[in-house]
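Visitor: Need the 3D shape of this:
(one chain, ligands or ions: 1)
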Amino acid sequence: MNRIQNLFGIAYPIVQAGMIWCSGWELASAVSNTGGLGIIGAGSMYPEVLRDQIIKCKAATAKPFAVNVPLLYPSIEEHMATIIELGVPIVFTSAGNPRAWTAHLKSHGIRVVHVVSSVKFALKAQAAGVDAVVAEGFEAGGHNGREETTTMCLVPAVSDALDVPVIAAGGIGDARSVLAAFALGAEGVQIGSRFVATIESSAHQAFKERVVAANEGDTALRLKPLTPVRLLDNAFAQKVAAAEAEGADSETLSELLGRGRAKRGMFEGDLEEGELEIGQVSGQIDAIQPAARVVEELVNGYRSLTKGMSDPKFQW
Ligand code: NDP
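Guide: Numbering: from 1, shown residues only. The predicted model follows:
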């Protein structure tokens with residue numbers, strides 16, 4: 001058992017990322033029931049929707065699960081009150097200052113993990129009292145760091161700098177990349193894109209099929225002057241690229257983005273005009289599978305790769 005398994009009380013240090021429009025209670029409970037840690041992505045949920053999702057998740061699994069709250073969410077007080085009231089055991093925060101909520105959540109016995117994309121923010125998260133950090137590299141889908149540090153460079157740097165355990169994210173989708181993350185110093189992995197392409201993901205079927213069809217080079221980091229986000233190529237992404245090439249400022253990009261693009265793309269299946277947030281690893285995903293099968297493939301593959309390795313840090 002390593003520190004991440006102990007911290008969350010889970011069999012496998014495999015975390016399913018909280019993803020707006022893609023990770024509701026069906027996916028989170030399926031992953032937790034298989035022995036990993038499932039996360040409900042609260043960023044796209046109105047407060048009453050999150051309440052309903054947590055209640056359903058608790059009914060569907062007796063195992064630990066988490067909620068991911070992007071700290072720039074507009075109704076954050078309501079989300080946090082619901083999380084505390086309903087006894088969610090673990091919260092992953094992202095996109096904001098970890099000092100804002102960590103102490104409050106911890107005073108209610110909640111374990112807190114913050115997502116970072118640099119050593120600087122990892123140290124801030126540790127100073128804020130988090131129990132672990134997710135070090136998420138450039139390959140990841142959705143919101144991303146401005147510095148473009150890759151998982152290969154970020155994870156060892158963050159692992160060296162921190163005392164709390166590190167969960168690696170960005171570009172991880174199979175057993176080989178899980179083992180690589182452990183070799184880089186992580187004690188857990190957070191996987192998003194592969195779980196988008198599962199039966200239980202709440203993403204639109206057309207988006208899941210687009211993820212399976214994606215090839216190497218089909219994603220790019222867009223909207224850097226606004227909020228950097230990795231998107232699959234489509235008509236919308238091309239409009240953004242053209243505007244960026246002309247030197248568009250953040251106001252122009254914000255107008256082009258409008259409201260609800262992520263919902264339109266990932267939840268409603270508008271593959272041309274919606275935002276399709278996915279990681280580079282989508283190029284390697286070739287099937288829509290049950291979430292339990294994904295976890296099983298990762299664990300079996302990992303165990304076969306580490307057979308004969310004697311260092312206990314690799315054994316789980
Ligand atoms: P937009 O402002 O474009 O749209 C808001 C969307 O969120 C709408 O689709 C709306 O649904 C839904 N929503 C849910 N709760 C609320 C609320 N309390 N107030 C307003 N709208 C709400 O934002 P985005 O879709 O780009 O992002 C939504 C959230 O997800 C943000 O908190 C953002 O930080 C987070 N996010 C996280 C990402 C990640 O990678 N982790 C990536 C992108 C966004 P409806 O259409 O039904 O009104």
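Visitor: Report whether the host helix or strand of Val133 contacts the ligand.
Guide: Remark: Val133 resides in strand 132-136, with elements defined by DSSP states H and E. No - Strand 132-136 lies out of reach of the ligand by Cβ under 6 Å from any ligand atom, never closer than 9.3 Å. Placement of C-beta: from N, CA and C, glycine included.
Visitor: mind listing the helices for the chain?
Guide: 3-8, 25-34, 47-60, 76-85, 102-107, 119-127, 151-161, 175-183, 193-196, 205-213, 235-245, 250-257, 261-262, 291-306 (DSSP state H).
Visitor: among those, which is the most enclosed?
Guide: Most buried of the helices of the chain, by mean neighbour count (mean count of other Cβ atoms under 10 Å): helix 193-196, with a mean of 30.
Visitor: Restricting to C-alpha, output it in CSV.
Guide: Provided in CSV are the C-alpha atoms of helix 193-196 (Å, rounded to 0.1, in the frame of the first residue of the first chain):
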residue,chain,number,x,y,z
SER,A,193,-9.5,11.0,-21.6
ARG,A,194,-9.7,7.2,-21.4
PHE,A,195,-12.6,7.4,-19.1
VAL,A,196,-14.5,9.8,-21.4
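Visitor: Show me which residues of the stretch 151-300 of the chain are close to the ligand?
Guide: Residues of the stretch 151-300 of the chain lying close to the ligand by Cβ under 6 Å from any ligand atom are 229, 259-263, 277.
Visitor: Identify the residue nearest Lys263 in space, chain neighbours excluded?
Guide: Trp21 (5.9 Å; Cβ to Cβ, 6 or more residues apart in numbering).
Visitor: From the contact counts, what lies against the least confident helix or strand in the chain by mean pLDDT?
Guide: Ranking every helix and strand in the chain by mean pLDDT, DSSP states H and E puts strand 142-143 at the bottom, with a mean of 94. Contact analysis of strand 142-143 by 3 or more Cβ pairs under 8 Å, 6 or more residues apart in numbering; DSSP states H and E lists strand 229-232 as its packing neighbours.
Visitor: Which residues are in contact with Pro98?
Guide: 71, 112, 114, 124-125, 128, 130 (Cβ atoms under 8 Å, 6 or more residues apart in numbering).
Visitor: possible to save the residues you listed as JSON lines with distance to the ligand and pLDDT?
Guide: Listed next are the contacts of Pro98 as JSON lines, based on distance: Cβ to the nearest ligand atom, whole Å; pLDDT from 0 to 100:
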{"residue": "Leu71", "distance to the ligand": "8", "pLDDT": "96"}
{"residue": "Val112", "distance to the ligand": "16", "pLDDT": "98"}
{"residue": "His114", "distance to the ligand": "13", "pLDDT": "98"}
{"residue": "Lys124", "distance to the ligand": "18", "pLDDT": "98"}
{"residue": "Ala125", "distance to the ligand": "16", "pLDDT": "98"}
{"residue": "Ala128", "distance to the ligand": "19", "pLDDT": "98"}
{"residue": "Val130", "distance to the ligand": "17", "pLDDT": "98"}
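Visitor: Scan these and report the most crowded one.
Guide: Within the contacts of Pro98, most neighbours by other Cβ atoms under 10 Å means His114, with 29 neighbours.
Visitor: which residues touch it?
Guide: Applying Cβ under 8 Å, 6+ apart to His114 gives the contacts 92-94, 98, 102, 125, 128, 130, 133-134.
Visitor: Same question for Cys57.
Guide: Applying Cβ under 8 Å, 6+ apart to Cys57 gives the contacts 25, 28-29, 32, 38, 40, 65.
Visitor: With adjacent residues omitted, what lies nearest to it?
Guide: Distances taken as Cβ to Cβ, 6+ apart place Trp25 nearest to Cys57, at 3.9 Å, with adjacent residues excluded.
Visitor: Run a quick neighbour tally on the closest residue to the ligand within the stretch 51-200 of the chain.
Guide: Per Cβ to the nearest ligand atom, Gly142 is where the stretch 51-200 of the chain lies closest to the ligand, at 2.5 Å. By the measure other Cβ under 10 Å, the count of residues near Gly142 is 28.
Visitor: For Val189, see how far away the residue lying closest to Leu253 once chain neighbours are set aside is.
Guide: Nearest residue to Leu253 in three dimensions, chain neighbours excluded: Leu226, at 4.7 Å (Cβ to Cβ, 6+ apart). Per Cβ to Cβ, to the nearest Å, Leu226 is found 29 Å from Val189.
Visitor: Appreciated, that's everything.
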